[in-house]
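J.: give me a model of this one.
(3 chains, ligands or ions: 2)
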Amino acid sequence: MDFDLADEQSLFKDAIDKLVQKEYGFEQRRRYAAEPEGWSRRVWSQLAEQGFLALPFDEAHGGLGYGPVELMLVNEALGRGLLLEPYLSTVVIAGGALRAGASDEQLALWVPQIAAGELLVSLAYLEKQSRYNLADVATRAELRDGEYRLSGTKIAVLHGDSADRLLVAARTAGARTDEEGISLFMVDADSAGLRRRGYRTQDGLRAADLILSDVAVPAANLVGRIGGGHALLQRASDYAIAALASEAVGCMQAALEMSVDYLKQRQQFGAPISRFQALQHHAADMLVEVEQARSMAMLAALVVDDVDEAERRKTLSAVKVQIGKSGRIVGQLAVQLHGGIGVTEEYAVGHYFKRLTMIESQFGDGEHHLTKIAAAGGFVSVTP
Amino acid sequence: MNFQPDPADQAFREEVRAFLREQLPVDVAARNRRGFHPSKEDELWWTQLLYRRGWSAPHWPVEYGGTGWSPQRRFIFEEECFLAGAPPTCAAGFSLLGPVLYTYGSDDQKARFLEPTRRGEIFWGQLFSEPNAGSDLASLKTTAVRDGDHYVVNGQKTWTTEGHYADWLFCLVRTDSSSKPQRGISFLIIDAKSPGVTIRPIVSIDDAHTLNETFLDNVRVPVANRIGEENAGWSYAKLLLEHERAFSAEVPRNKRLLSQLKHIAALALDGGARLIDDPLFSSRIAEAEIELRALEWLTLRALADMDHGADAGRPVGSVLKVRGSELIQKIGALIVEALGPYGLIAYPELDFETLPGPEAAAGKTADFLYRRAVTIYGGSNEIQRNIIAKGFLGL
Amino acid sequence: MDLRFTDEENAFREEVRSFIRENLPKPVHAKMLEHRALSKDEVVSWQRILNARGWATPSWPAAWGGPGWTAVQRYIFLDELHQFPAPEPVSFNVSMIGPVIGTFGSDEQKARLLPRIANLDDWWCQGFSEPGAGSDLAALSTSAIRHGDHYVVNGTKMWQGMGHRADWMFTLVRTDPAAKKQAGISFLLIDMKSPGLSVQPIITIDGRHEVNSVFLDNVRVPVAQRVYLENKGWDVAKFLLGNERTGIARIGMSKYLIRRAKQIAAQVQDGDRTLAEDAGFRRRCAEIEVELKALEITQMRVLAAMGEHAEKPDPRSSILKIKGVELRQAASELLLRAAGPLALAAEGEYDPPNPEDAPADTEWGSTIAPVYFILRAASIYGGATEVQKNILAQAVLGLPK
Ligand SMILES: Cc1cc2nc3c(=O)[nH]c(=O)nc-3n(C[C@H](O)[C@H](O)[C@H](O)COP(=O)(O)OP(=O)(O)OC[C@H]3O[C@@H](n4cnc5c(N)ncnc54)[C@H](O)[C@@H]3O)c2cc1C
Ligand SMILES: Cc1cc2nc3c(=O)[nH]c(=O)nc-3n(C[C@H](O)[C@H](O)[C@H](O)COP(=O)(O)OP(=O)(O)OC[C@H]3O[C@@H](n4cnc5c(N)ncnc54)[C@H](O)[C@@H]3O)c2cc1C
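T.: Ligands and ions are numbered 1, 2, ... in the order given. Below is the predicted model of the structure:
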């Protein structure tokens, strides 16, 4: 085990930190949010130019072939800057599903486009009734005249409004909550019969609902085995949880630093409020939580490619529980320490709080994952 | 960064396990796992056994009989011993005094004390706290007045863990009361059999005797038993208090408590259902497991820092102490809850079988009660938060 | 000791409930049910409905034109409003400036202002806090310098709730800069239309505009608009802040939040059943409900004690504030958790979206997270939780400052 950055990893981290620092001041972020797509194409091109969009994909397909640790470093930096760009949706989530299931030809076609910043893909897996159950898919796909026809409604597709293509989970067999029988299809955003309704999300990002009415998809755009999409959704969820963990750590670290600075600056009762022990202990508690969450983000990077599926899944559930809990405590305390300005739109800390809050309800909340871990027997064996 | 565990460490773990399987008698292991305080005989016997294998003082430098293991291996060793139910070795001697002795002691002192400690021939007691000097240790009042080549020591110490086992004591005394509180303190080694040393039991909340008050009444201590310089004792004590910070989360203890919790929850205590099958209770267990998982990783990170001799700029020891101690208490509370009515019974250490309830119940509530102290000793959690806020966050 | 309500009190509760049911305009109720913002007109018209019944000013004695209710009646009344849920009478008017005028105002001020306050003919806002004076309110620096029969007021006030709707602002200003902090403060009533006064919105994290900054640039305020003595404004402020404690725990609001969470859980699918059937969700509800029950009794105990010596605010009411906020915040978390991914969308906070356009096909989806977000403010205003704990430690437990 080695917790120090290798030279190359340091370069990597410096590059992404620098980019975020230069391009993602709070005021700059506000301007990007006001752009038509709700994020900055210019920043996206920079991410592409510096190779960050190619990061996790195999070199054989036009990627850089880096591993989960590097992805962790990038996502932490994105969390610090509260980036609005579709990195999570395109590179991590949809990219993760593609890496897990797309054919070599498909990858060779799409990865270079993604890496160049020319192709945005969003995974459309959620439906109104599905909550945190990846197998709950009512959208259907039928094979007709050599094409698939998709009908159904997908909700809260992250960055689904600016995506060029949508990786849609649809049922080709089985009942609504069966794991078997789900297939993934790469759907052009401008397909006939596809209506998209984009909206802002509570954390300032973008999402869309998709209404699919008999949308035609060429058979070549089936990703993975027919009926075997559930496994790909799970892989996407694994990658998403690992990325959300490091993003959350970035948010928490930033929120902690802002709070500490604020305590030193803010004067009440004739001196900085940092002298109140109650507030010092709040800050100390935040730090304890950040460190616990950071440990779990690292653990996520360790296990996300683990071949032992049960162990991997259980551990990632634990990661999600811990970052949810730490994120909640850190976010709430950061606002509290700021007093009134903590609840204003014009001050950054509230935005970290909101992002940390909304991370909790993506890919399963704490309750959901706790139940899963408990059902899987936990980590410690009964017999000592 | 590369988080893959080292396969050689895994092999080492197997080696330790095999050793424990061969050497640790089942009844001793059972006694220790139960949670009652260990006996002096068990502690010394086990130390002697480890000594013969060269393992009694793993964290000491090799020249003083240490093993030269990496921090990771020391952690593995500690964890395996603890989980197997091995008796502890005298913490005051090995973890607290040892490093002070080999760092600041004279050659003569090292020769007299290090080897016998390692052999399991000396049991040590720590005389730091006083009735009015707890968290504010530097306010201690016990005096040592020079009289020729002796100090004459007077005062009262308290909370001496296993003081009634001790052959020797190490003690902070005031040798100069005119300067700043931290400046006038010296570090003495005192023979527990010296005339004027009286050790009296303090019965703790678990109705057990492990703590003591120690009265020092004109105790004559040779000047040769002072460690380092006169009036410089505070800096030695600080080294002692900060040593081995990476171990302060007590991950092994937490693990053992967790598996005991699961064991108890898996018994069908009230005839019918097993608590572990209740989704609500089992998700509370899972919650504790996740905390522990994160804590274990934090410990591994801290060990890596130690390995480099680097302080990564994190107040890791304090974070580990705060979270580790809280978790011990949280799991303990779950155990008592899982025991239901059997949690009420004050099981004796011997013959507990005569009382109702499963064998696993013995010692659990007592341990839960005693562990209320973990957030108080070793730098209380409030003090740890101060350290984090002031020392690290700069508040 | 009898912890139960009397028959009369129960009958009173029924009376209040049926009045609300019959008189609260349906569109207002619909908005309240979904925690949506109300327009000024909606608030005003409801307050006038209550006023016509004599109920707009629950805490006022009959001498001021109030209903002269007991503390328990006041509590029941607010609890019913919160649970229904219906809007409370505007607190700046009814709980803050009204009692101040009733207690410190001249006879002329009472006769002229109290009926207008009750009927919301004038909407009042509270101009206490400043950028540099939050928890440390006495550090305020807005100055008022006497010029003949006017004060000239200069400074910046911050956080004025509903300041953009207000006709008048009651405010604390420094009239003697030389005096010790609390000693040089006066209490002034300022017309929001005064030249030199401007209002600027502050948008909060729920995306709403409720609070404002108020800038005062050489604003002339007639001396006759000072309440009580010059440099004695702090006494008035202390009275005002310690005055209305009956509803401070807002238990009914927590109950409504839990009810709404349960209703949503009954609609939300969780695998093969609804979330309402999930044991974990139920336990979380029960945990909060248990604490609410305890708080309800504590509230009654404080009310009973208040009845005996009503002049002095009871420092134990800090318990009500601390716990009440904590439970409301916890209940809002429960609500958010219940909605899960359906609460992700952020559009349509103000008005319900077109049903066919609602994100995630869920009209109420975007109303959930903002409730949780803005409730974080409740542990900051009205005496922050840390400050309340200082009060408990010092005033109740006798620990040193
Ligand atoms: C089981 C047990 C074994 C022990 N073994 C030994 C031993 O072998 N040898 C030995 O010398 N000592 C031993 N101790 C003593 C231990 O080191 C002290 O208990 C500890 O230093 C705390 O001191 P105190 O008990 O006097 O509490 P106090 O220092 O009086 O603390 C009381 C409370 O005040 C809080 N507090 C104190 N200062 C601050 C501050 N600055 N800011 C915020 N909060 C503060 C504390 O956290 C605590 O909650 C042991 C104690 C226990 C309980
Ligand atoms: C939504 C909202 C509506 C409001 N409406 C109004 C209004 O209508 N009119 C009006 O005049 N004001 C209003 N306020 C202002 C409110 O009264 C202040 O926000 C409050 O007094 C806290 O002050 P602050 O925000 O400056 O925080 P600060 O006082 O700067 O507090 C920052 C942090 O320090 C802590 N702290 C401060 N002092 C101590 C201490 N002694 N010990 C321990 N911790 C301490 C606080 O608890 C907080 O965590 C409103 C505020 C909000 C958020």
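J.: from ligand 1, how far off is the residue in chain B positioned nearest to ligand 2?
T.: Per C-beta to the nearest ligand atom, B:L395 is where chain B lies closest to ligand 2, at 12.3 Å. In short, each C-beta sits where N, CA and C put it, glycine included. Distance of B:L395 to ligand 1, given as C-beta to the nearest ligand atom, to the nearest Å: 13 Å.
J.: phi and psi next, for the closest residue to ligand 1 within the stretch 101-250 of chain A.
T.: For the stretch 101-250 of chain A and ligand 1, the shortest gap (C-beta to the nearest ligand atom) falls at A:V249, measuring 28.6 Å. Dihedral angles of A:V249 (phi, psi; degrees, to the nearest 10) stand at phi -60, psi -40.
J.: hmm, it is touching A:V290, no?
T.: Yes: between A:V249 and A:V290 there is a contact under C-beta atoms under 8 Å: 6.9 Å.
J.: ok, the two, which is more surrounded?
T.: A:V249 (27 against 24; other C-beta atoms under 10 Å in any protein chain shown).
J.: need the contact list for the more buried one.
T.: A:76, A:79, A:290, A:293-294, A:297, A:323 (C-beta atoms under 8 Å, 6 or more residues apart in numbering or on different chains).
J.: is chain C within reach of the longest helix along chain B?
T.: In chain B, assigned by DSSP state H, the helix with the most residues is helix B:279-307. Yes: judged by C-beta under 8 Å from any C-beta of the partner chain, helix B:279-307 and chain C are in contact via B:279-280, B:283.
J.: can you give the contact residues for stretch A:17-35?
T.: Under C-beta under 8 Å, 6+ apart, the answer for stretch A:17-35 is A:38-41, A:43, A:46-47, A:50, A:77-78, A:80-84, A:204, A:348, A:351.
J.: buried among those residues? Make that a ChimeraX selection.
T.: Of these, the buried ones can be selected in ChimeraX as follows, counting by 16 or more other C-beta atoms under 10 Å in any protein chain shown:
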select /A:38,39,40,43,46,47,77,78,80,81,82,83,84,204,348,351
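J.: near chain C too, which of the contacts of stretch A:17-35?
T.: Within these, those near chain C by C-beta under 8 Å from any C-beta are A:204, A:351.
J.: now intersect the contacts of stretch A:17-35 with the strands, please.
T.: Assigned to strands by DSSP state E, none of the contacts of stretch A:17-35 qualify.
J.: who touches C:G66 in this structure?
T.: Counting by C-beta under 8 Å, 6+ apart, C:G66 has contacts C:54, C:57-60, C:118.
J.: can you check B:Q23 too?
T.: B:L49.
J.: distance check, it against B:G93.
T.: 21 Å (C-beta to C-beta, to the nearest Å).
J.: what residues does chain B put near ligand 1?
T.: Chain B has residues B:126-129, B:134-135, B:159-161, B:211, B:373, B:376-377, B:380, B:382-383, B:386 near ligand 1, with proximity defined as C-beta under 6 Å from any ligand atom.
J.: in helices, which of those appear?
T.: Checking the residues of chain B next to ligand 1 against DSSP H, those in helices are B:382-383, B:386.
J.: can you add distance to ligand 2 and neighbour count and give those residues back as TSV?
T.: Shown next, in TSV, are those (distance: C-beta to the nearest ligand atom, whole Å; neighbours: other C-beta atoms under 10 Å in any protein chain shown):
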residue	distance to ligand 2	neighbour count
B:E382	15	15
B:I383	19	17
B:N386	15	19
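J.: dump these to TSV, plus pLDDT.
T.: Shown next, in TSV, are these (pLDDT from 0 to 100):
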residue	pLDDT
B:E382	96
B:I383	94
B:N386	95
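J.: can you pull out the strands in the chain?
T.: I'll assume chain A. A:121-124, A:140-144, A:147-158, A:165-171, A:182-188, A:194-200, A:206-218, A:222-223, A:267-268, A:271-272.
J.: looking at chain C here, not the other one
T.: C:124-127, C:143-147, C:150-158, C:168-174, C:185-191, C:197-203, C:209-222, C:226-227, C:269-270, C:273-274.
J.: mind putting the ones you listed into TSV with mean neighbour count?
T.: What follows is those, written out as TSV (neighbours: other C-beta atoms under 10 Å in any protein chain shown):
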stretch	mean neighbour count
strand C:124-127	27
strand C:143-147	16
strand C:150-158	21
strand C:168-174	25
strand C:185-191	24
strand C:197-203	16
strand C:209-222	19
strand C:226-227	20
strand C:269-270	20
strand C:273-274	12
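J.: quick one: buried residues of stretch C:385-393?
T.: So for stretch C:385-393, counting by 16+ other C-beta under 10 Å, buried means C:385-388, C:390-392.
J.: so it, near chain A or not?
T.: Yes: remark: stretch C:385-393 sits within contact range of chain A at C:385-386, C:389-390, by C-beta under 8 Å from any C-beta.
J.: the residue of chain B closest to ligand 2 - how many residues pack around it?
T.: Counted by other C-beta under 10 Å, the residues lying close to B:L395 total 22.
J.: sec struct for it, please.
T.: Assigned by DSSP: H, G, I helix; E, B strand; the rest coil, the conformation of B:L395 is coil.
J.: and for C:A37, the neighbour number?
T.: 17.
J.: and what of B:T354?
T.: Neighbours around B:T354, by other C-beta under 10 Å: 8.
J.: neighbours of B:A273, how many?
T.: Around B:A273 there are 10 residues (other C-beta under 10 Å).
J.: if we can go back for a sec, put the buried members of the contacts of C:G66 into a PyMOL selection.
T.: Only the buried entries of the contacts of C:G66 go into this PyMOL selection, using 16+ other C-beta under 10 Å:
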select buried, chain C and resi 57+58+59+60+118
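J.: report the two of the contacts of C:G66 separated the most.
T.: C:G54 and C:S59 (13.1 Å; C-beta to C-beta).
J.: residue at max distance from the center of the chain?
T.: In the absence of a named chain, this looks at chain A. A:G270 (43.8 Å; C-alpha atoms, centre = their mean).
J.: wait, chain C
T.: C:D272 (41.5 Å).
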